[in-house]
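Student: show me how the following folds:
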Amino acid sequence: MGEFEQAKPIIAEIKRRAPATQVIVTFFSPSGYENSLKYGLASIIAYIPFDSRANAERFVATVRPDAAIMVRYDVWPNHLWALRRHGVPVFIANATLRPSTVRDLPLLRQFHRAMYNALDGILTVSEADRSVFATYGLDHPMLAVMGDTRYDQVWRRSAEAKTRHLLPPAITQGRKVLILGSSWTADEEVLMPACETLRAEHPELLIILVPHEPTLGNLERIESGLPASLSVIRFSNLNDYAGESVILVDSVGILMPLYRYAHVAFVGGAFGAGIHNVLEPAAYGLPVLMGPRHQNSQEAVRLQQEGGAFSGATTEELLAHLRRLFGDEKARQAAGDVALALVRSNVGATDRFVATVEHYL
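Tutor: Below you'll find the predicted structure:
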């Protein structure tokens, strides 16, 4: 599903330039397939056959594509080699590759070199990614830095989201707003005590809590676990809003448009397996707070390096960041400007990619 979000701006631009182009979108995971069935720019949405030689050969012979685009990590060897046998040009969009001692073992290194050499174009996110691919001594594919189409997708979605008005002006007027996006239990356990202290120091603070899983059981867990000083109302009950300090979002698909109301954003996931999308709040010019395990996200690392994001491993560390951002308007605005500038400066990867592959279509 995440890879498809990166493919969407490419598909949209191809269709804009050549409306008659037919696009077949394939998924391996149910989450991607089931959440994308209503996507309007694809002629066919399907599962990709399991990656055996016979399946891949049959699939490519049936589809007979003019070009194939794989995204980021989704390189299926048998499909790749079947495309190669049929003379179909194949590209990786948003290609990224980190150095790996395991991948450099003799047999694995030979396998990966053969696989990458079967590609026609490896269009990478960064120069560092291009350099890692180059260490395999590839002689066939074009290696070029394209950038990351996720910036284009987030920029487009933020423009669309700004047209949606989800909160009545009376709720946010005169308030300072902190939004917790895609939070998990581990995030809330560390952050909510800091929110309680911050709310005592800033009575005008409004907290919008958007859990990653807004199931009934999870919503009830959050409500019962909130500090007593933080009153809460669910988003679906906002008609009865009476000044509660926490709005608990019990709907899906509205996090992006809610960022427009915030002054600071905390992005969840980095107290667990890894952080969620930090580009979405950055596209609104928001400073981003996060937990310690965010190294899986190049954007999060870069935001922190440039001063648009701040990490904390404890309640005290996060509280210190919150106090500074909500107590110093110049510091908050400067951090938000850095975040927005990072997104703006990276928009354009889609055009570069499509310009590279369009003559094959």
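Student: nearest residue to the middle of the chain?
Tutor: Residue closest to the mean C-alpha point of the chain, counted by CA atoms, centre = their mean, is residue 277 at 3.9 Å.
Student: how close does residue 227 get to residue 201?
Tutor: 14 Å (CB to CB, to the nearest Å). Glycine gets a C-beta too; all of them are placed from N, C-alpha and C.
Student: worst mean pLDDT across the helices and strands of this structure, which element?
Tutor: For the chain, counting by mean pLDDT, DSSP states H and E, helix 30-34 ranks last in confidence among helices and strands (a mean of 89).
Student: that one: which residues count as buried?
Tutor: For helix 30-34, burial by neighbour count (16 or more other CB atoms under 10 Å) applies to 32-33.
Student: now swap in stretch 231-251 and tell me
Tutor: If you call a residue buried by 16+ other CB under 10 Å, then stretch 231-251 has these buried ones: 232-235, 244-250.
Student: can you pull the contacts of the closest residue to residue 72 other than its chain neighbours?
Tutor: The shortest distance from residue 72 to any residue other than its chain neighbours is 4.7 Å, reached at residue 94 (CB to CB, 6 or more residues apart in numbering). Taking CB atoms under 8 Å, 6 or more residues apart in numbering as the criterion, residue 94 is in contact with 6, 71-72, 123-125, 146, 148-150, 349.
Student: so where do the strands sit in the chain?
Tutor: In the chain, the strands defined using DSSP state E lie at 24-27, 44-47, 68-71, 90-95, 121-124, 142-145, 176-183, 205-211, 232-234, 246-248, 264-267, 288-290, 309-311.
Student: picking that back up, the contacts of residue 94, buried ones only, as a ChimeraX selection?
Tutor: Command for ChimeraX that selects the buried part of the contacts of residue 94, burial taken from 16+ other CB under 10 Å:
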select :6,71,72,123,124,125,146,148,149,150,349
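Student: in helices, which of the contacts of residue 94 fall?
Tutor: Counted as lying in helices by DSSP state H, out of the contacts of residue 94, are 6, 149-150, 349.
Student: ok, those vs residue 320, which is closest?
Tutor: residue 150 (30.1 Å; CB to CB).
Student: what residues are up against that closest one?
Tutor: Taking CB under 8 Å, 6+ apart as the criterion, residue 150 is in contact with 5-6, 94, 279, 299.
Student: out of those, which is nearest to residue 103?
Tutor: residue 94 (18.9 Å).
Student: these two touch, right, residue 51 and residue 76?
Tutor: Yes - judged on CB atoms under 8 Å, residue 51 makes contact with residue 76 at a distance of 4.5 Å.
Student: on that earlier part again, could you identify the most distant pair in the buried residues of stretch 231-251?
Tutor: The most widely separated members of these, counting by CB to CB, are 245 and 250 (16.8 Å).
Student: so residue 51 and residue 76 - more neighbours on which side?
Tutor: Ranked by neighbour count (other CB atoms under 10 Å), residue 51 and residue 76 place residue 76 first, with 19 against 16.
Student: check contacts around that one.
Tutor: Going by CB under 8 Å, 6+ apart, residue 76 touches 48, 51, 56, 70.
Student: can you get me a residue count around residue 73?
Tutor: Using other CB under 10 Å, residue 73 has 12 neighbouring residues.
Student: ramachandran angles for it?
Tutor: As for residue 73, its main-chain torsions (degrees, to the nearest 10) stand at phi -110, psi -10.
Student: tell me how far it lies from residue 351.
Tutor: Applying CB to CB, the value for residue 73 to residue 351 is 23 Å.
Student: please consider this matter closed, and thank you.
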